[in-house]
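> Model the structure of this input:
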Amino acid sequence: MEDNIICNCMQVSEHEIVDAIKNKGAVNVQDIMDTTSAGTACGSCIDDIETIVKRERQK
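Below you'll find the predicted structure:
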C-alpha cells in the first residue's frame with residue numbers, strides 16, 4: 001500500500017517517497033531525505049526508504 005507511513009517521525013508516506021522518485025528527481029536515500037525529510041529524525045526508516053528507492057528504480 002502506497003499510503004503506508006514509512007517515516008513515523010516526519011509522517012512521510014510511501015506515496016510521498018514514490019512521488020519524490022518519479023516526479024522530483026530523487027535517485028537515492030539522501031535525495032529522499034532532502035526532498036521529504038523522511039529519515040532525518042531517528043533514522044529507523046532508512047532501510048525501508050532504500051528498499052523503496054531500489055524497487056522504484058528497477059521499474
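> quick one, helices of the protein?
14-23, 29-36, 46-57 (DSSP state H).
> would you list those in TSV and tack on mean pLDDT, mean neighbour count and distance to Asn8?
Bear in mind the C-beta positions are built from the backbone N, C-alpha and C, glycine included. Output for the helices of the chain, formatted as TSV (pLDDT from 0 to 100; neighbours: other Cβ atoms under 10 Å; distance: least, Cβ to Cβ, whole Å):
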stretch	mean pLDDT	mean neighbour count	distance to Asn8
helix 14-23	97	18	12
helix 29-36	98	19	13
helix 46-57	98	15	11
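> Export these as CSV, with columns for distance to Asn4.
Below are the helices of the chain laid out as CSV (distance: least, Cβ to Cβ, whole Å):
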stretch, distance to Asn4
helix 14-23, 5
helix 29-36, 14
helix 46-57, 9
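> which residues sit in contact with the residue nearest to the spatial centre of the chain?
With distances taken as Cα atoms, centre = their mean, Ile17 lies nearest the centre of the chain, 3.6 Å away. Residues near Ile17 by Cβ atoms under 8 Å, 6 or more residues apart in numbering: 6, 26, 32, 36, 38, 49, 52-53.
> Farthest pair within those residues?
Ile6 and Ala26 (13.3 Å; Cβ to Cβ).
> now the residue nearest to the centre of the chain, nearest residue through space, not along the chain?
Distance criterion Cβ to Cβ, 6 or more residues apart in numbering; nearest residue to Ile17, sequence neighbours excluded, is Ile52 at 5.2 Å.
> Enumerate every residue touching Met33.
Applying Cβ under 8 Å, 6+ apart, we find Met33 in contact with 39-40, 49.
> for these, which one is nearest Ile21?
Among the contacts of Met33, and counting by Cβ to Cβ, the member closest to Ile21 is Ile49, at 10.1 Å.
> Pretty sure the closest one sits against Ile32.
Yes: using Cβ atoms under 8 Å, Ile49 makes contact with Ile32 at a distance of 5.2 Å.
> Common neighbours of those two, please.
What both Ile49 and Ile32 touch, as defined by Cβ under 8 Å, 6+ apart, is the set 17, 38-39.
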